[in-house]
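K.L.:
Compute the structure for the input listed below.
(one chain, ligands or ions: 1)
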Amino acid sequence: MWAAFRAARRSLGGRSTRSLGRTFDAMVEIVPVAEDLAASYRECLDVVAREKRYLAQIEALPLERIQGFVRESVATDAVQFMAVQGRRVVGWADIFPAWAHAVSHCGSLGMGILPAYRGQGIGRRLLQACIAKAQAKGITRIELEVRADNERAISLYKSLGFKQEAVKRNAMRFDGVYFDALQMSLLQSAA
Ligand SMILES: CC(C)(COP(=O)(O)OP(=O)(O)OC[C@H]1O[C@@H](n2cnc3c(N)ncnc32)[C@H](O)[C@@H]1OP(=O)(O)O)[C@@H](O)C(=O)NCCC(=O)NCCS
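P.N.:
Predicted coordinates for the structure are as follows:
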């Protein structure tokens, strides 16, 4: 289906569907995390988690935990961006550094977009904002784990320079079914 979409876009010279996407996502802004977004961020995270397909967590943490987490992100100027329509969060991406000295140049990426907003370039914009800020803050290795059948996410990561490092077998389990996960990374020197 994605191949058909790409072929259709190619046959339109790559412009018409792209500009349609832009018209829609022009209304979606990428902004740094802010405390007033905490509840909406939680709702967005909860929707993606409850799909039980993409994230390790299957529901969002309670609001007070999320509010505390967001407060700390704001206070530390963390690498965490939100895609917002008005003040409604429709997606997020973050890169948090490891705390221990020898791995403090490494950051872990997490992201998600509400189903209705996927495939419109919002993930790419969020990820580009995160990569730029993470690298500016001295994170030279960005790493992630992604379910091996998550084609859209893998395609996005590869298109921004991430390379596969390993396959973690049976790394995730949803309702008793195991799934492999890929470990991927982006090194600043290779970006
Ligand atoms: C993965 C995710 C964050 C990507 O964000 P997105 O906004 O949907 O992605 P984009 O529209 O920016 O797409 C970027 C690239 O992905 C690829 N892509 C998009 N849709 C695709 C699909 N259905 N199949 C395969 N590749 C696809 C394309 O290469 C596209 O690049 P292009 O615009 O040059 O063609 C989003 O789909 C999502 O939230 N998925 C569920 C949660 C999730 O998987 N989180 C990541 C866990 S590791």
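K.L.:
Test for you: state the pLDDT assigned to S189.
P.N.:
The model reports S189 with a pLDDT of 78.
K.L.:
for it, what are its contacts?
P.N.:
By C-beta atoms under 8 Å, 6 or more residues apart in numbering, the contact list for S189 reads T140. All C-beta atoms are positioned from the backbone trio N, CA, C, and that covers glycine.
K.L.:
Does it fall in a helix, a strand, or a coil region?
P.N.:
Here S189 is helix, with the state taken from DSSP: H, G, I helix; E, B strand; the rest coil.
K.L.:
Make sure E43 is indeed in a helix.
P.N.:
Yes. Checked against three-state DSSP, E43 lies within a helix.
K.L.:
pretty sure it contacts V89?
P.N.:
Yes. E43 is within contact range of V89, at 7.2 Å (criterion: C-beta atoms under 8 Å).
K.L.:
Compare neighbour counts for those two and give me the winner.
P.N.:
Applying other C-beta atoms under 10 Å to E43 and V89 shows that V89 carries more neighbours, namely 22 against 15.
K.L.:
Looking at strand pairing, list the partners for that one.
P.N.:
Beta-bridge pairing of V89 under DSSP bridges involves V84.
K.L.:
isn't it right next to A38, touching?
P.N.:
No. Contact criterion C-beta under 8 Å: V89 and A38 do not qualify, at 9.1 Å.
K.L.:
quick one: common contacting residues for those two?
P.N.:
Residues touching both V89 and A38 by C-beta under 8 Å, 6+ apart: none at all.
K.L.:
Can you list phi and psi of the residue nearest the centre of the chain for me?
P.N.:
Centroid check for the chain by C-alpha atoms, centre = their mean gives M111 as the closest residue, at 2.2 Å. When quoted as degrees, to the nearest 10, the phi and psi of M111 stand at phi -160, psi 160.
K.L.:
count of neighbours near the nearest residue to it once chain neighbours are set aside?
P.N.:
Ranked by C-beta to C-beta, 6 or more residues apart in numbering and with sequence neighbours excluded, the top spatial neighbour of M111 is A93, at 3.7 Å. For A93, the tally of surrounding residues (other C-beta under 10 Å) stands at 24.
K.L.:
Could you do P32 as well?
P.N.:
P32 has 15 neighbours, counted by other C-beta under 10 Å.
K.L.:
Pull the number of nearby residues for the residue nearest to it when sequence neighbours are not counted.
P.N.:
Nearest residue to P32, sequence neighbours excluded (C-beta to C-beta, 6+ apart): F81, at 6.0 Å. Number of residues near F81 (other C-beta under 10 Å) recorded here: 24.
K.L.:
same question, L37
P.N.:
L37: 20 surrounding residues under other C-beta under 10 Å.
K.L.:
Just to be sure, Y54 is in a strand?
P.N.:
No. Under three-state DSSP, Y54 falls outside any strand and is assigned coil.
K.L.:
That one and A38: what is the separation?
P.N.:
21 Å (C-beta to C-beta, to the nearest Å).
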